[in-house]
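Asks: What would the 3D arrangement of this be:
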Amino acid sequence: MWRHVQEFGLQKKYSEDPEFALQLRMLPALAFVPKDDVISSYSVLIESNYYKENEEILEQFLDYFENTWLGKLDRRRRRKQPKIEIEMWNCFLRIEQDIATTNNSVEGWHNCFTSILSGKHPSIWHFIEALKKEESINRLKIEQYICGIDPQKKKNTEIGLRELKKFALIIMIYKSRTSNLYFEQKFSSNCHATNCFRSIDGIPDPADYGSCSL
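Replies: Numbers count the residues shown, from 1 in each chain. Predicted coordinates:
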């Protein structure tokens with residue numbers, strides 16, 4: 001989404017106008033609203049005074065947002081099929097049930113393996129050695145599991161657990177909200193600027209909201 005903020009010429013206003021940035025961050029905050037409440041929450045948002053007053057500035061961005069993530073309204077006021085189904089990018093249930101995303105697991109392994117390679121363009125022999133080293137590490141972990149020992153967790157895992165606690169707090173805020181707009185404001189005001197946009201071009205990853213401090 002951040003790419004489209006730039007594409008539609010909103011980056012300067014986003015960087016210089018805190019209120020504009022806050023209001024725009026409410027859109028990716030919809031990923032943390034229950035799936036069945038996403039459309040109604042979006043409707044409340046775009047009917048707010050701020051969005052009405054800035055309708056012309058936001059028109060292109062909202063067209064993109066609806067086409068991609070929600071589905072545009074047709075002549076009968078029914079939403080068309082979005083490019084990406086809400087079920088694919090909504091995070092509420094995954095966080096509530098503490099379900100890890102495939103994206104996180106794959107990316108975590110990829111980062112680890114890249115560190116073993118120690119370079120972007122290794123030779124075939126270096127690559128084979130890295131595979132052997134990765135196999136040895138996994139064999140050791142398997143032996144530890146067999147012996148009833150949990151392999152030592154890295155700091156990243158501990159950080160991940162802290163972030164999960166933050167997301168659990170997000171769920172509590174939503175359930176005790178006075179309105180959907182209040183929740184989006186609360187979430188957006190505590191979310192680091194570009195992280196709110198960075199990962200939703202694809203399936204959104206809750207880890208990319210890790211700078212939230214509610």
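
Asks: count of neighbours near L27?
Replies: When counting by other Cβ atoms under 10 Å, one arrives at 23 neighbours for L27. No exception for glycine: its C-beta is placed from N, CA and C like everyone else's.

Asks: Confirm for me that it is in contact with Y64.
Replies: No. Contact status for L27 versus Y64: not in contact, 10.3 Å apart, counting by Cβ atoms under 8 Å.

Asks: and stretch 124-133, which residues are buried?
Replies: A130 (16 or more other Cβ atoms under 10 Å).

Asks: Repeat that for stretch 51-61.
Replies: 51, 58, 61.

Asks: Look up how far L45 lies from the last one.
Replies: This points to F61. 13 Å (Cβ to Cβ, to the nearest Å).

Asks: Skip the chain neighbours and tell me the closest residue to F113.
Replies: Nearest non-adjacent residue to F113, counting by Cβ to Cβ, 6 or more residues apart in numbering: E134, 6.1 Å away.

Asks: For the host helix or strand of the one you found, name the packing helices and strands.
Replies: Using DSSP states H and E, E134 sits within helix 124-146. When contacts are defined as 3 or more Cβ pairs under 8 Å, 6 or more residues apart in numbering; DSSP states H and E, helix 124-146 sits against helix 102-117.

Asks: looking only at pLDDT, what's the mean for the helix it packs on?
Replies: Regarding helix 102-117, the rounded mean pLDDT is 68.

Asks: ditto for stretch 19-38
Replies: On average, stretch 19-38 scores 90.

Asks: Buried residues, it. List them.
Replies: In stretch 19-38, counting by 16+ other Cβ under 10 Å, buried: 20-33, 37-38.

Asks: Show only the entries of these found in strands.
Replies: The members of the buried residues of stretch 19-38 all map outside strands under DSSP state E.

Asks: Among those, which are located in helices?
Replies: 20-25, 38 (DSSP state H).

Asks: Nearest to C91 among these?
Replies: Distance to C91, by Cβ to Cβ, is smallest for V38 among those, at 10.9 Å.

Asks: Okay, helices next: where are they in this protein?
Replies: For the chain, the helices defined by DSSP H occupy 2-7, 11-16, 18-25, 38-46, 49-53, 55-65, 86-89, 92-96, 102-117, 124-146, 155-175, 180-189, 195-198.
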